[in-house]
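> no sequence on this one, just coordinates:
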């Protein structure tokens with residue numbers, strides 16, 4: 001496992017590994033069952049966790065894999081969050097999820 005961590009030295013490498021794991025192991029099944037929910041992929045163990053909200057899935061994943069390194073995916077969408085300059089303050093993850 002520590003070899004996997006050493007190979008992923010940048011956030012971009014971790015995200016690429018998370019996307020690859022998702023595409024190979026979970027995408028087909030999850031997009032049929034959980035579209036619009038969030039998946040947290042542990043890029044070390046390759047385990048996946050699903051919940052309705054981003055903060056909930058990350059809590060669930062951290063509880064199960066305390067040493068995990070997670071890549072967050074909004075199932076069925078190209079990105080987990082949308083960035084907009086119209087916010088004067090950053091809303092919570094739940095508020096962002098409901099704005100889609």
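Thanks, I have the structure now. The model shown is predicted, which means the values in this text are computed figures rather than measured ones.
> okay, CA-based contacts and neighbour counts for the rest of this
Will do.
> How far does stretch 48-64 sit from its chain's centre?
9 Å (Cα atoms, centre = their mean, to the nearest Å).
> Helix or strand next in line after the helix or strand hosting residue 56, which one?
Assigned by DSSP states H and E, residue 56 falls within helix 54-64. Proceeding N to C from helix 54-64, the next assigned helix or strand is strand 70-74, under DSSP H and E.
> Return, as residue ranges, the portions of the protein with sub-threshold pLDDT.
For the chain, applying pLDDT under 70 flags the ranges 1-8, 79-100.
> Name the residue closest to the centre of the protein, please.
residue 72 (1.1 Å; Cα atoms, centre = their mean).
> residue contacts, it?
Contacts of residue 72 were listed using Cα atoms under 8 Å, 6 or more residues apart in numbering, and they are 38, 39, 40, 41, 54, 80.
> Just those residues: which are in helices?
residue 54 (DSSP state H).
> any idea which of the contacts of residue 72 is closest to residue 17?
Checking those against residue 17 with Cα to Cα, the nearest one is residue 41 at 9.4 Å.
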